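Chemist: Build me a structure from this.
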Amino acid sequence: MDVVASYSLLFMCFVQTVRAILDPNDFLALQSIRKSLHDVPGSNFFATWDFTADPCNFAGVYCAADKVVALNLGDPRAGSPGLTGKLDPSISKLSALADFTVVPGRIYGPLPQTLSQLKNLRFLGVSRNFISGSIPSGLGNLRKVRTIDLSYNQLSGTIPPSIGAMPELTNLILCHNRLSGSVPSFASAHTLTRLELKHNSLSGSLGPHSLPPSLQYLSLSWNRLSGPVDRLLTQLTRLNYLDLSLNQFTGPIPAQLFSFPLTNLQLERNQFSGPVQPVNEVTIETVDLSYNRLSGAVSPMLASVQNLYLNNNGFTGQVPVTFVQRLLAAGIQILYLQHNFLTGIAISPTAEIPGSSTLCLQYNCMVPPVQTACPFNAGKRKIRPAEQCNRR
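Modeler: Just a heads-up that it's a prediction; the model follows:
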């Protein structure tokens, strides 16, 4: 007698007391999942997993008719201790599963390759654990998935190219792993709105049509990506958050970018070059262009930015008077202009800068007219050597 037949006989014994008859394959899958995972000290998530009762009443198990449609492993309350162990491949037997999540904990080992058999899966969230190995290439074949969150793990290898062609994918969050290789093309992912790949070891360049115009949130920081992105960025007109910091991107920053509905623009610590020339007044809350190779005059269109970091570039000329007006009116909270080649700013030495505002001017081609507190990494030298300024 096989295992499924044995389970069927056992199940008949409980038919009078169990309210819902769970599919035998789902019942066996839950048993295997339970055997492979354990509560860490302080967790009692599995206390309700008594297989003499209805599994549809287990914590984290949600059923429709005789099938498990959602499985949320671990206590979802903030600060709960989570689970330990490995994810069992038998999860693929939950053929109707649409939602699979694991709370932060100490689960280790690889993601089961069998996840690619869950044809009804819409949400996959296994973040903040110790999952290692590669991302199963078969995930890209799941045509109904909308969200994949595998962040804060120890995943390595490349991002399967097939993920970039998933027709329903809306959110892809793979940040804080050890992924390498190039960013796959998402040109055909017309539903993708959020792409988070920061804190990995991704390299290579981004093609001018590699990301879809549907993107609203893009974070690629702390990688090794390179090359120009101006042609790509001009097409992402729906962006409200952009972070490309700590890479090796080159070329100009397109003027159109500053008119997008952004709240944060983080381009610091790259190799962007050329002038910064927004066409209209910039309404972005935070703009960080520091530690690049930008040059030319500081645009007065940037004076409406609340937190502006232009330090450690090659900006020249006078600071526009609109910056002084906004600063003294507490309209600017942070204005970092240090380590450039600026020659003046029209501010009185007796001017009182509001306590809510921060200004740093040191190491330019002028004597700072006001003494203000600068960040520690600005150094101690107040003025740039004359020979450096004379070359400009």
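Chemist: From now on I want contacts and neighbour counts done on CA atoms only, so please keep to that.
Modeler: OK.
Chemist: Have a look at the protein and report its longest helix.
Modeler: Ordering each helix of the chain by length in residues (DSSP state H) puts helix 24-36 first.
Chemist: ok, residues contacting that helix?
Modeler: 4, 7-8, 46, 51, 55, 67-68, 85-88, 90-91, 93-95 (C-alpha atoms under 8 Å, 6 or more residues apart in numbering).
Chemist: confidence score at the most centrally placed residue in the chain?
Modeler: Central residue of the chain (C-alpha atoms, centre = their mean): residue 196, 3.1 Å from the mean position. If you check residue 196, the pLDDT there is 98.
Chemist: I'd guessed it sits against residue 175; true?
Modeler: Yes - look at residue 196 against residue 175 with C-alpha atoms under 8 Å: they come within range, at 5.7 Å.
Chemist: State the number of residues packed around the closest residue to residue 50 other than its chain neighbours.
Modeler: Among residues not flanking residue 50 along the chain, residue 58 sits closest, at 7.8 Å (C-alpha to C-alpha, 6 or more residues apart in numbering). Residues near residue 58, counting by other C-alpha atoms under 10 Å, number 17.
Chemist: One more: residue 381?
Modeler: 11.
Chemist: got it, and residue 193?
Modeler: 19.
Chemist: how about the closest residue in space to it that isn't next to it in sequence, what does it touch?
Modeler: Distances taken as C-alpha to C-alpha, 6+ apart place residue 215 nearest to residue 193, at 4.0 Å, with adjacent residues excluded. Going by C-alpha under 8 Å, 6+ apart, residue 215 touches 192-195, 236, 238-239.
Chemist: looking at the residues you listed, which has the most residues close by?
Modeler: residue 192 (26 neighbours).
Chemist: how close does that residue get to residue 95?
Modeler: 26 Å (C-alpha to C-alpha, to the nearest Å).
Chemist: Can I get stretch 36-44 as PDB, trimmed to CA atoms?
Modeler: What follows is stretch 36-44, C-alpha atoms only, in PDB (Å, rounded to 0.1, in the frame of the first residue of the first chain):
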ATOM      1  CA  SER A  36      12.100  20.200   8.100                       C
ATOM      2  CA  LEU A  37      11.500  23.400  10.100                       C
ATOM      3  CA  HIS A  38      11.500  24.200  13.800                       C
ATOM      4  CA  ASP A  39      10.700  27.100  16.100                       C
ATOM      5  CA  VAL A  40      13.800  29.000  17.400                       C
ATOM      6  CA  PRO A  41      13.800  29.700  21.100                       C
ATOM      7  CA  GLY A  42      11.000  32.100  22.000                       C
ATOM      8  CA  SER A  43       8.800  31.100  19.000                       C
ATOM      9  CA  ASN A  44       5.700  28.900  19.300                       C
END
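Chemist: Quick one: distance of it to the chain centre.
Modeler: 29 Å (C-alpha atoms, centre = their mean, to the nearest Å).
Chemist: Stretch 338-353 too?
Modeler: 36 Å.
Chemist: Helices of this protein, start to end?
Modeler: 3-13, 24-36, 230-233, 321-328, 386-390.
Chemist: And residue 105, what's its pLDDT?
Modeler: 97.
Chemist: Over to residue 317?
Modeler: 97.
Chemist: With residue 10 instead?
Modeler: For residue 10, pLDDT reads 38.
Chemist: Over to residue 391?
Modeler: 76.
Chemist: so how far is residue 157 from it?
Modeler: If you go by C-alpha to C-alpha, the gap between residue 391 and residue 157 works out to 47 Å.
Chemist: So which of those two has more stuff around it?
Modeler: Neighbour count, other C-alpha under 10 Å: between residue 391 and residue 157, residue 157 has more, with 16 against 6.
Chemist: I'd like the distance between the more buried one and residue 374.
Modeler: Counting by C-alpha to C-alpha - residue 157 and residue 374 are separated by 41 Å.
Chemist: Same check on residue 239?
Modeler: Residue 239 is 32 Å from residue 374, by C-alpha to C-alpha.
Chemist: shared neighbours of residue 196 and residue 175, which are they?
Modeler: Overlap of the contact sets of residue 196 and residue 175 (by C-alpha under 8 Å, 6+ apart) is empty.
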